[in-house]
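**Student:** the following block contains a protein sequence and its predicted model.
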Amino acid sequence: ASAWEQVFGGDLWMLRNVMRRIVSVFFALIPITTWRHRARRSLDQWIVRCNQKKIAHFVKQYPAVKSELETVAFIVDKKASIGRFGDGEFNMCIGRHKSFQTYDSALVKRLKEVLLSEEENFLVGINTIHGEDDLSDIWKKFVVRRGNRVLALLDLHRKYDSSTITTVFPQDPESFERYVKALKSIWDSRKVVFVVGRNSRFFLEPELFDTIKCHEFVYGPAKDAFSVYDQLLEQVACYDRDWLILIALGPTATVLAYDLYRRGYQAIDLGQTPSKYHKAKYGTLYPVDHPLFGRKHP
């Protein structure tokens, strides 16, 4: 850590919080929405340009990660389970949270337990990053703000599995179809329990789940799912162990997949796969009959 980071915290988070509040006041004074958005994009691009060395350092230090296809193949071959760590899980671990999950010290403790786990058939997934081209604009900003603290959470000598198996789809049509076929083979002809937030963004995309044998839903709250974690775990544990458990509950899904694996289930931290698939194939996150149709961000 630099001398500045020693004074202002990892990744200068204290100083950044002050600057963010000042900038927010400035943007609020811009009267036209399009100008305000343009100014924010320009500022974001400038921040990324100014921090190219930090982004390059992050990529260089980042641990090895298997490809999406390698991870999917292992899951299918071994009937393995997976917990995925993205920006939401890392934010929680370093003391930040999103609107759908309030910061919870017990959840943080469990997430770190999962992150350090080395079970044979439980995969710990993080973003597949081999170079700067693998970083989206959102992730570049995330790295600028919190990259050093994320690296501190990871074992830099470990080879992780891919958390982006359900969020990154190939752009080439043939590769896209091959990848979707591989992904669907996880639940092909299986009985599936979907564990999702009630009235959440999740939807049952027919093109993704048309080969499952049957399905049922277990619903948790769309926000703060970890507050009813024990009840959720026991509800799912009522099913026989031949049911595949697919979970979309934010950071809670990571812990739930791990605990279900330890109880003998195959559990996949699925995330918002349907909307990612729909975006990749049709250009929109949701079908026209979905309440959130037209929303730009997941």
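**Tutor:** Arrived safely, thanks for sending.
**Student:** ok, how many other residues are close to residue 245?
**Tutor:** 26 (other Cβ atoms under 10 Å). The C-beta positions use only the backbone N, C-alpha and C, and glycine is treated the same way.
**Student:** for it, give me its contacts.
**Tutor:** If a contact means Cβ atoms under 8 Å, 6 or more residues apart in numbering, then residue 245 has 192, 193, 195, 236, 239, 257, 260, 265, 266, 267, 268 as its contacts.
**Student:** how close does the residue positioned nearest the centre of the chain sit to residue 190?
**Tutor:** Nearest to the geometric centre of the chain sits residue 86, at 3.7 Å (Cα atoms, centre = their mean). Using Cβ to Cβ, to the nearest Å, we find residue 86 at a distance of 25 Å from residue 190.
**Student:** and what of residue 216?
**Tutor:** On the measure of Cβ to Cβ, residue 216 and residue 190 end up 12 Å apart.
**Student:** neighbour count winner among those two?
**Tutor:** residue 190 (19 against 11).
**Student:** now do the same for that one: its pLDDT.
**Tutor:** Looking at residue 190, its pLDDT stands at 98.
**Student:** could you find the closest non-adjacent residue to it?
**Tutor:** Among residues not flanking residue 190 along the chain, residue 244 sits closest, at 4.4 Å (Cβ to Cβ, 6 or more residues apart in numbering).
**Student:** now do the same contact list for the residue lying farthest from the centre of the chain.
**Tutor:** Distance to the chain centre peaks in the chain at residue 31, reaching 34.6 Å (criterion: Cα atoms, centre = their mean). Counting by Cβ under 8 Å, 6+ apart, residue 31 makes contact with nothing.
**Student:** and the residue nearest to residue 190, how far from residue 116?
**Tutor:** The value you get for residue 244 to residue 116, if Cβ to Cβ is used, is 25 Å.
**Student:** more neighbours, the two?
**Tutor:** residue 244 (23 against 12).
**Student:** for the more buried one, phi and psi?
**Tutor:** phi -90, psi 130 (degrees, to the nearest 10).
**Student:** begin at 55 from here
**Tutor:** All right, first residue 55 from here; so that's residue 298.
**Student:** distance of it from residue 330?
**Tutor:** 19 Å.
**Student:** what's the answer for residue 82, then?
**Tutor:** 32 Å.
**Student:** what about those two, which has more around it?
**Tutor:** residue 330 (18 against 9).
**Student:** check contacts around that one.
**Tutor:** Per Cβ under 8 Å, 6+ apart, neighbours of residue 330: 220, 221, 222, 223, 339, 352.
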